[in-house]
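Peer 1: this one's structure only:
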């Protein structure tokens, strides 16, 4: 049972890896390439959310008197 379970998990991991690294015939880019291209944009958005959160928490602290 353990061998079959391990084989199924291994096959699923292999299929997932093949899917995310397979090049799209139209654009010639894989899912991994798209993620690497969009990562800097997502980092900037995360920094903006962080600064907004810090601002809101500082206002909340002032309102609560903490």
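Peer 2: Everything's here; your move. Because the structure is predicted, anything quoted here is derived from the model rather than measured. Numbers count the residues shown, from 1 in each chain.
Peer 1: tell me what the helix or strand that contains residue 44 is packed against?
Peer 2: Residue 44 is located in helix 31-64, with elements delineated by DSSP states H and E. Counting contacts by 3 or more CB pairs under 8 Å, 6 or more residues apart in numbering; DSSP states H and E, helix 31-64 is packed against helix 2-21. C-beta: built from backbone N, CA, C; applies to glycine.
Peer 1: quick one, the helix it packs on and helix 31-64 angle?
Peer 2: In terms of direction (axes from the mean of the first three to the mean of the last three CA atoms, to 10 degrees), helix 2-21 departs from helix 31-64 by 90 degrees.
Peer 1: Give the buried residues for helix 2-21.
Peer 2: Across helix 2-21, burial judged by 16 or more other CB atoms under 10 Å covers no residue at all.
Peer 1: Go ahead and name everything in contact with that helix.
Peer 2: 30-32 (CB atoms under 8 Å, 6 or more residues apart in numbering).
Peer 1: who wins for neighbours among these?
Peer 2: residue 30 (15 neighbours; other CB atoms under 10 Å).
Peer 1: Quick check, central residue of the chain?
Peer 2: By CA atoms, centre = their mean, the chain has its centre lying nearest to residue 35, at 7.9 Å.
Peer 1: Could I get the pLDDT score of that one?
Peer 2: Note for residue 35: predicted pLDDT of 93.
Peer 1: Now do it against residue 13, distance only.
Peer 2: 18 Å (CB to CB, to the nearest Å).
Peer 1: same deal with residue 47?
Peer 2: Applying CB to CB to residue 47 and residue 13 gives a distance of 33 Å.
Peer 1: what do you get for residue 39?
Peer 2: 23 Å.
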